[in-house]
Every structure is written in structure tokens, then in C-alpha cells.
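> Show me how the following folds:
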Amino acid sequence: MAEKKEKLPFTMYKGYPLVRSNNDIYYGDPRDPYVIFIHIEKTDGSEEEIPTQVTVELLTTDESVSIFERSKKKSEKKSLYDALDIGRIWLERALAKN
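Coordinates of the predicted model:
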């Protein structure tokens with residue numbers, strides 16, 4: 001029987017933990033082999049600071065791999081929603097392969 005993971009105390013988005021620190025967002029369970037890293041490059045300058053340029057990456061959580069080799073896929077998007085959308089697809093596909 002598969003081992004059941006305990007629930008993490010983070011905000012969840014479409015079934016995965018979502019953690020933000022300033023302009024960096026991590027999406028996914030750090031105990032899984034892959035997570036999504038999103039960096040907000042630019043905002044629209046309004047009071048709400050809506051992201052207008054973000055970088056999204058699929059990263060391996062394998063600590064035996066060099067930090068420079070952890071990135072498996074990378075893309076730039078014009079909104080946070082687009083970055084989360086493609087990031088979720090990449091994450092689900094990568095986790096399904098394991």
C-alpha cells in the first residue's frame with residue numbers, strides 16, 4: 001500500500017502547496033521529485049502590483065544534482081495565471097513519469 005503523506009500547512013492551489021516569498025513562488029510538494037519555481041520579473045506598477053512578466057521553471061528536488069542542472073524546463077509568461085497553468089501541467093506530467 002502506498003504511504004500516505006501528511007498534509008502540509010501551506011496554501012493549496014489545485015491540489016499542490018503554493019508558497020510565496022517576495023517575488024519567488026514555489027508550487028508543489030518539496031517531498032516530490034519535482035516542483036515549479038516562478039519568479040515575478042515585472043509588475044504593472046499599480047497598487048495591487050499585478051505581474052506582467054514572470055519566469056516559470058520545472059525544477060528537480062534531487063539534492064545530489066548541481067543547482068545549475070536542476071532546471072528541466074523554463075518559459076516566460078505574461079501573467080501569473082499563465083505561469084501557474086503551464087507549471088501545473090509540467091508538474092503533473094513530470095510526477096506521472098515517476
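> Check which helix or strand Ile89 maps to.
Take DSSP states H and E as the rule and Ile89 turns out to sit in helix 80-97.
> contact partners of that helix?
Residues outside helix 80-97 that contact it (C-beta atoms under 8 Å, 6 or more residues apart in numbering): 13-14, 16, 25, 27-28, 32-36, 38, 40, 50-51, 54-56, 58, 72-73, 75, 77. (Glycine included, C-beta is placed from N, CA and C.)
> Thr11 versus the closest residue to Tyr34 other than its chain neighbours, what's the distance?
Leaving aside its sequence neighbours, Tyr34 sits nearest to Ala94 (C-beta to C-beta, 6 or more residues apart in numbering; 4.3 Å). Note on Ala94: its distance to Thr11, by C-beta to C-beta, to the nearest Å, is 21 Å.
> neighbour-wise, which of the two wins?
Ala94 (20 against 9; other C-beta atoms under 10 Å).
> Check the more buried one and give its pLDDT.
If you check Ala94, the pLDDT there is 94.
> Ala83 too?
Value listed for Ala83 in the pLDDT field: 95.
> Can you report how many residues lie near it?
By the criterion of other C-beta under 10 Å, Ala83 has 25 neighbours.
> Report the separation between it and Arg31.
Going from Ala83 to Arg31 by C-beta to C-beta gives 22 Å.
> For Leu59, give me the backbone phi and psi.
phi -120, psi 140 (degrees, to the nearest 10).
> same question, the one 4 residues further on
When read as degrees, to the nearest 10, the backbone of Glu63 gives phi -80, psi -10.
> can you tell me how far it sits from Leu18?
22 Å.
> out of those two, which sits in the busier spot?
Neighbour totals were compared for Glu63 and Leu18, and Leu18 leads with 16 against 8 (other C-beta under 10 Å).
> For that one, list each beta-bridge partner.
Beta bridges link Leu18 to Thr11, Tyr27, judged by DSSP bridges.
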